[in-house]
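S.K.: my questions concern the predicted model and sequence given below.
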Amino acid sequence: MESQLAAIRHELLNDGHTYDFVEGTIPAPLAPELVTFFPTDGAYYDYFSHDKAETLTKALNDLTRFLELEGPYDGLIAFSLGGALAATFLIREAAQHPQRPLPFKCAIFFCGGAPLDPVALEEAGQVRLLDPDPDTTRPAPLAGLPTAHIWGANDDLWRDRSERLCALCDPEERLVLVHGEGHSIPGARAKEALLGAVRAIRRTVGRVTMAV
């Protein structure tokens with residue numbers, strides 16, 4: 001993630017941001033979209049497995065402890081499976097502590113995975129995608145949270161899940177950018193997509209500063 005965000009962080013260098021990177025704990029093969037950038041025989045890790053509910057529970061609890069020890073943070077940036085974990089965490093926090101502010105003021109999702117249903121996880125031990133509520137008169141699960149949703153039109157892996165995540169966020173506070181790349185964070189070789197992503201991040205962060 002640190003390498004994938006290098007070009008984004010370079011463009012945002014003068015904005016004064018600092019970054020921490022949260023590592024996974026479950027050994028996993030190198031993701032297919034990264035085989036041209038990293039050796040396939042290296043050590044790589046996922047945050048959780050969709051096949052094992054206990055790994056998702058552990059990842060959510062580990063993230064809670066990490067934020068307690070290392071936070072507070074103003075915002076998060078998440079990619080792919082990390083986006084699924086982050087969104088699930090935020091939705092669980094919003095449901096369990098409705099009167100408490102969320103632990104982030106904004107969220108940036110690159111090719112974000114769809115969140116999992118925290119109720120199904122807790123009550124039935126199931127890892128199940130969370131469906132958007134068809135009743136549009138009720139507030140979104142992450143109402144009031146400024147979000148940016150950035151994914152590639154050629155993302156054949158998780159484009160539908162990015163769309164599902166977007167639908168679960170506040171329509172008044174979300175910003176969507178669909179660029180011409182695939183399942184990746186835009187880098188220096190995709191200048192137009194990179195600059196579009198930077199603009200989306202700045203606008204999302206700007207909504208927080210305006211609210212303050």
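M.R.: Yep, it's here.
S.K.: what about this protein, any weak spots by pLDDT?
M.R.: For the chain, applying pLDDT under 70 flags the ranges 135-137, 210-212.
S.K.: nearest the geometric middle of it, what residue?
M.R.: Per C-alpha atoms, centre = their mean, the C-alpha nearest to the average position across the chain is that of Gly83, at 2.6 Å.
S.K.: where does it sit: helix, strand or coil?
M.R.: Of the three states, Gly83 takes helix according to DSSP: H, G, I helix; E, B strand; the rest coil.
S.K.: residue contacts, it?
M.R.: Phe109, Phe110, Cys111, Gly112, Gly113, Ser162, Leu165 (C-beta atoms under 8 Å, 6 or more residues apart in numbering). C-beta: built from backbone N, CA, C; applies to glycine.
S.K.: could you dump those residues to a markdown table with distance to Gln4, neighbour count and secondary structure?
M.R.: Output for those, formatted as a markdown table (distance: C-beta to C-beta, whole Å; neighbours: other C-beta atoms under 10 Å; DSSP: H, G, I helix; E, B strand; the rest coil):
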| residue | distance to Gln4 | neighbour count | secondary structure |
| --- | --- | --- | --- |
| Phe109 | 14 | 26 | strand |
| Phe110 | 8 | 27 | strand |
| Cys111 | 11 | 27 | coil |
| Gly112 | 14 | 31 | coil |
| Gly113 | 15 | 26 | coil |
| Ser162 | 16 | 26 | helix |
| Leu165 | 18 | 31 | helix |
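S.K.: pull out the buried positions in stretch 94-112.
M.R.: For stretch 94-112, the neighbour count (16 or more other C-beta atoms under 10 Å) marks Ala94, Leu102, Pro103, Phe104, Lys105, Cys106, Ala107, Ile108, Phe109, Phe110, Cys111, Gly112 as buried.
S.K.: show me which of these is closest to Pro72.
M.R.: Relative to Pro72, the closest of those is Pro103; by C-beta to C-beta it sits at 6.9 Å.
S.K.: in which helix or strand would I find the closest one?
M.R.: Pro103 belongs to no helix or strand when assigned by DSSP states H and E.
S.K.: against Leu116, how distant is it?
M.R.: 18 Å (C-beta to C-beta, to the nearest Å).
S.K.: just Lys105 next, same as before
M.R.: Distance check for Lys105 against Leu116: by C-beta to C-beta, it reads 23 Å.
S.K.: tell me, how many residues neighbour the closest residue to Ser3 other than its chain neighbours?
M.R.: Closest residue to Ser3 apart from its sequence neighbours, by C-beta to C-beta, 6 or more residues apart in numbering: Phe37 at 7.0 Å. By the measure other C-beta atoms under 10 Å, the count of residues near Phe37 is 12.
S.K.: then Ala84?
M.R.: If you count neighbours by other C-beta under 10 Å, Ala84 ends up with 26.
S.K.: surely it touches Arg161?
M.R.: Yes: under the criterion of C-beta atoms under 8 Å, Ala84 makes contact with Arg161 at 7.4 Å.
S.K.: what do the two both touch?
M.R.: When contacts are counted by C-beta under 8 Å, 6+ apart, Ala84 and Arg161 are jointly contacted by Gly112, Gly113, Ala114.
S.K.: the last one reaches Leu165, doesn't it?
M.R.: Looking back up the chat, that one is Ala114. Yes: judged on C-beta under 8 Å, Ala114 makes contact with Leu165 at a distance of 5.2 Å.
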